[in-house]
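Peer 1: below are the sequence and a predicted model; questions follow.
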Amino acid sequence: MFESLQDKLQGVFDQLTRRGRLSEADVEKALREVRLALLEADVNFKVVKEFVGRIRERAVGIELSKTITPGQQVIKIIHEELLNVLGEPASLNLGGGSPHIIMLVGLQGAGKTTMAAKLALHLRKSKHSPLLVAADTRRPAAIEQLKVLGRQLDIPIYSEDPSVPPPQICANAIKTARTGANNIVILDTSGRLQIDENLMEELSQIKAKTNPQEVLLVADAMTGQEAVRVAEGFHQRVQLTGLILTKIDGDARGGAAISIRSVTGVPIKFLGTGEKASDLEVFHPDRLASRILGMGDVLSLIERAEEVIDEEVAERGAKRLMEGNFNLEDFLEQLQQIKKMGSLRKIMDMIPGMADLTRAISEEDMESRLKITQAMINSMTIKERRNPKLLNGSRKRRVAQGSGTSVQEINQLLSQFQEMQKMMKRFKNPRMRQNLMNMFGGFR
């Protein structure tokens, strides 16, 4: 969602780093561009004004460094001030008595019910035993939706007849959790199309009856400045302890993610990054700042790999690669592991320097190329995958026909694969070999 902002800021940075010395006029010009980029990204005007003011104050009296250029120093200041805007990382408060109560609030359409299930799955991975509570009685479909998600994820659901008042449902659910084995209760409360007095009164009653450790607002990042206003409205009435931004993977301009923390003073705790139940990220301000500035996010990439990649398969591939025995069958196996990590565009954007290279390639093109490569390898016999040298003219024609490609594309795949093998043979240095082993298979 930050592509447009990344592009504009990258243009500013390119101009800064090309200059050996920076005048005050250079700094002012750069700050004007930064201001415009942030405003176009729908960042709150007050936040932009204060943000640019702090950068100007630090950049005008900048001390020259022997290790980096003045332009790089300004970029460093922008990065540090962006971290200040996004705030400190904040984990869930799971202290106090048991069960721990997490109350989710938000408007209709923000993805609150789905987020309740995502959060439950996230907590179960951390060895907790969550209970989901269907307290959105105003939207009957929400109760059934939560039940379906609970069955899919094997997470228990507490629900009652919609005629029972939501505050009573929540209180009864907590009693059930205390007698059972659930140490966390997640309340999926009612939402509205907009904030109104009836909604706030109901939420206030639920909070009074359940005394939750966390009151988290689920806000739709696609709504831009409206998300900030919604957060302010809920915070005034039910005292939020944290925010969860959903639809971060959409085509919104990203302003809400940057300004919502600064305007409300409430920390962002999670980001919803997709439609799958596993598409939930703990909010790390430093990682988001790096993404916004086009610097990648290697730590999130590693964490994602740790979650989905089969460690044994990855290590086997790395070992065969280093030994010079890596063949097309191994290559196919590794491609299948990469696909488990989700969107290729997301993966590439997390690698420093790769966002610019992939910007011109659509997600569909990247997925299409991967499928074509898999089709070509799948059309080969096991012997041909293990020994590509067997692929003579007639065999290539058969593979091309079976995969719906051309002999030229088969040759291109084989040529690229041979180049990769040659490159790997150059890694004679034991330390370099170990580093590559760690990169490919050392996910622990």
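Peer 2: That came through, no problem. Numbering: from 1, shown residues only.
Peer 1: could you use CA atoms for every contact and neighbour count after this?
Peer 2: Fine.
Peer 1: pLDDT weak spots in the stretch 301-444 of the chain?
Peer 2: 301-311, 313-314, 317-318, 320-324, 341-363, 420-444 (pLDDT under 70).
Peer 1: all helices of it, in order?
Peer 2: Assigned by DSSP state H, counting those that start in this stretch, the helices in the stretch 301-444 of the chain fall at 311-323, 328-339, 344-349, 354-358, 363-378, 382-386, 393-403, 407-425, 430-441.
Peer 1: same check, this time on the stretch 101-250 of the chain
Peer 2: Going by DSSP H, counting those that start in this stretch, the stretch 101-250 of the chain shows helices at 112-125, 140-153, 166-179, 197-210, 225-238.
Peer 1: return the most buried member of the ones you listed.
Peer 2: When the helices of the stretch 101-250 of the chain are scored by mean count of other Cα atoms under 10 Å, the highest mean neighbour count falls to helix 112-125 (a mean of 21).
Peer 1: give me the contacts around it.
Peer 2: For helix 112-125, contacts defined as Cα atoms under 8 Å, 6 or more residues apart in numbering pick out 104-106, 129-132, 142, 145-146, 149-150, 153, 155, 186-188, 218, 272, 277-280.
Peer 1: can you say which of those residues are buried?
Peer 2: Among these, those scoring as buried are 104-106, 129-132, 142, 146, 149-150, 155, 186-188, 218, 272, 277-280 (criterion: 16 or more other Cα atoms under 10 Å).
Peer 1: contacting residues for the most far-flung residue of the chain relative to its centre?
Peer 2: In the chain, counting by Cα atoms, centre = their mean, Ser394 sits farthest out from the average C-alpha position, at 46.0 Å. By Cα under 8 Å, 6+ apart, the contact set of Ser394 is empty.
Peer 1: how close does Glu226 sit to Lys207?
Peer 2: As defined by Cα to Cα, to the nearest Å, Glu226 lies at a distance of 24 Å from Lys207.
Peer 1: let me redo that: Glu33
Peer 2: Counting by Cα to Cα, the separation of Glu33 from Lys207 is 45 Å.
Peer 1: what do you get for Phe331?
Peer 2: 54 Å.
Peer 1: next, the buried residues of the strand or helix carrying Gln73.
Peer 2: Counting by DSSP states H and E, the element that carries Gln73 is helix 70-86. By 16+ other Cα under 10 Å, the buried positions in helix 70-86 come out as 70-75, 77-79, 81-86.
Peer 1: how's this structure carved up into domains?
Peer 2: Split into domains by automatic domain parsing, the chain comes to 3-86, 100-292, 302-441.
Peer 1: tell me the contacts of the residue nearest in space to the middle of the chain?
Peer 2: Per Cα atoms, centre = their mean, the C-alpha nearest to the average position across the chain is that of Thr273, at 4.6 Å. Thr273 makes contacts with Thr246, Lys247, Ile248, Asp249, Asp279, Leu280, Glu281, as judged by Cα under 8 Å, 6+ apart.
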